[in-house]
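Colleague: pasting a predicted model and its sequence here:
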Amino acid sequence: MSQALGSFSTTLGEENRQANARRLKREDNQSRPIAPQANKRVALGVLNQNASRQRVQPHRAAKQNCGPLSTSGCGQTGSVGCGQAGKPTTGFFVPPGASTQFSIHVDHQADSERSKEPQVSSTVTTLGTERNRQAISIYGRTEEIIDSSTDSPMVLDTSLDSSDDNQSVIEDIDAHGDSVLEVAEYATEIFQYLREAELRHRPKPGYMKKQPDITNSMRCILVDWLVEVAEEYKLHNETLYLAVSYIDRFLSSMSVLRSKLQLVGTAAMFLASKYEEIYPPDVGEFVYITDDTYTKKQVLRMEHLILKVLSFDVAVPTINCFQKRFLQAAKVNSKTESLAMYLAELTQQEGETFLKYVPSTIAAASLCLAQHTLNMQPWTPTLMHYSGYTLADLLPCVQDMHRSFQAAPSSQQQAVREKYRSPKYHGVSTIQAPATTPTA
């Protein structure tokens, strides 16, 4: 019993001590002074005014008599000192020599003053003599052109001077191509592709020697008849060139009887018109122009045979494809253009002479001879650039074409001359051939 009373008195004494401790703590808190509130920083104020404001931290209000952290305190570096000369300080102490406010550097120099010419070493500027320098004004700025031919320590290549003269006269014929069909940005690649394609699809030059029953004169008569057919049905020149190309490529691989030669020509023209024309003549029209010598079935079967022999490669470059490009580069008048077309079409009848030339060569030679005939410069640097041919490259073809030009009035086949006698083509077939040819 005495043990129970002892433990109870011990517990009661402990609770009384805890209650007294809590009461003393509350009284102590109430007796403490309230710390002053810190001044709020003015938003968007002047930097100098903000920097000069004193900062008082509430939880350090009781330490106002102590000095700040300084590098020269009470004898120890980095310790909390007692201010300068033992004076109590408030806020933060700024070491001597430090700036007490922010400073912003403002560049008042104008942009025009900052853009100065680069300083060049005197080693470079003293090259050459003063009389060899020319001052030119470029965009309001004076620069010096130094004549490198004298007093220069460097050996410069001056071989490009002559090429610059040629480059200056070459006109960009694709710069102002407004037509969507001209595709000026791809003109160079297209022309290069056509040059490669004409080599792949050219007929064999001497194929007529292996034909047992037909001759070059028969071929000439056939082409002359096709010219009349093209004029009768108002077909494009490209259709005629394609038909002649199909005939020569077919005869390079197949032997044909003379009785079937006109059938080959009819089927080739029918195929070319379907490829090139918007409204090609019906097969019955081609049967009619043969005076019903062949039937529709025969024409269609021959068309099928031609496609099989040609491996369906009917999209081939012709003289007309290259001639348009060269005429655009030459910028000639319509009369010169018609004369070049006339000379090129004359070559279609003479396969024995002109099958050894690719279409691009014939197109370039026809323009060269046409300009020479009309007393113009035969070949210009611009034409040389865009055709890839020099005048020396074209001379053999030009000479053969000149002979055909001279012999055209006395030829038995006059369909081409009659075609270009019309006012539509300025009657260029009546122009007399020149006595000479261009010389390189």
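Modeller: Ah, there it is. Numbers count the residues shown, from 1 in each chain.
Colleague: sec struct for residue 227, please.
Modeller: Secondary structure, DSSP: H, G, I helix; E, B strand; the rest coil: residue 227 is helix.
Colleague: what helix or strand is residue 219 located in?
Modeller: helix 216-232 (DSSP states H and E).
Colleague: what's in contact with that helix?
Modeller: 208, 235-237, 239-240, 243-244, 247, 251, 258, 261-262, 265, 269, 289, 345, 348-352, 413-416, 419 (Cβ atoms under 8 Å, 6 or more residues apart in numbering). In short, each C-beta sits where N, CA and C put it, glycine included.
Colleague: now the buried members of these.
Modeller: Listed as buried from the contacts of helix 216-232 are 208, 235, 237, 239-240, 243-244, 247, 251, 261-262, 265, 269, 289, 345, 348-351, 413, 415-416, 419; burial here means 16 or more other Cβ atoms under 10 Å.
Colleague: next step: these restricted to helices.
Modeller: 237, 239-240, 243-244, 247, 251, 261-262, 265, 269, 289, 345, 351, 415-416, 419 (DSSP state H).
Colleague: mean confidence for the helix holding residue 219?
Modeller: Average pLDDT, helix 216-232: 96.
Colleague: flag every buried residue along that helix.
Modeller: 216, 218-227, 229-230.
Colleague: pull the CA atoms of it into CSV?
Modeller: Taking Å, rounded to 0.1, in the frame of the first residue of the first chain, the C-alpha atoms of helix 216-232 are listed here in CSV:
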residue,chain,number,x,y,z
ASN,A,216,17.5,4.7,-151.3
SER,A,217,15.5,6.2,-154.2
MET,A,218,12.5,4.2,-153.1
ARG,A,219,12.9,5.5,-149.6
CYS,A,220,13.2,9.1,-150.9
ILE,A,221,9.9,8.7,-152.8
LEU,A,222,8.2,7.3,-149.6
VAL,A,223,9.4,10.2,-147.5
ASP,A,224,8.2,12.7,-150.1
TRP,A,225,4.8,11.1,-150.1
LEU,A,226,4.6,11.2,-146.3
VAL,A,227,5.3,15.0,-146.5
GLU,A,228,2.2,15.4,-148.7
VAL,A,229,0.2,13.2,-146.3
ALA,A,230,1.3,15.4,-143.3
GLU,A,231,0.3,18.6,-145.2
GLU,A,232,-3.1,17.0,-146.3
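Colleague: in this protein, where is pLDDT below threshold?
Modeller: Within the chain, the stretches with pLDDT under 70 are 1-13, 15, 27-168, 176-182.
Colleague: domains in it, as residue ranges please.
Modeller: 204-309, 319-430 (automatic domain parsing).
Colleague: which of these sits closest to residue 169?
Modeller: Closest to residue 169 of the domains of the chain is domain 319-430 (Cβ to Cβ; 5.2 Å).
Colleague: measure the closest one end to end?
Modeller: With Cα to Cα, to the nearest Å applied, domain 319-430 spans 22 Å between its terminal residues.
Colleague: please name the residues that touch residue 208.
Modeller: Residue 208 neighbours (Cβ under 8 Å, 6+ apart): 214-216, 219, 251, 351-352.
Colleague: and the helices in the stretch 251-400 of the chain, which stretches?
Modeller: 261-276, 283-289, 296-309, 319-330, 334-346, 351-354, 359-373, 381-387, 391-407 (DSSP state H, counting those that start in this stretch).
Colleague: what is the burial count for the closest residue to residue 398 other than its chain neighbours?
Modeller: Using Cβ to Cβ, 6 or more residues apart in numbering and skipping the chain neighbours, the partner closest in space to residue 398 is residue 365 (4.7 Å). Using other Cβ atoms under 10 Å, residue 365 has 29 neighbouring residues.
Colleague: now do the same contact list for residue 365.
Modeller: 343, 357, 394, 397-398, 401.
Colleague: return the closest of those residues with respect to residue 436.
Modeller: residue 398 (10.8 Å).
Colleague: ok, now how distant is that closest one from residue 389?
Modeller: Separation of residue 398 from residue 389 (Cβ to Cβ, to the nearest Å): 11 Å.
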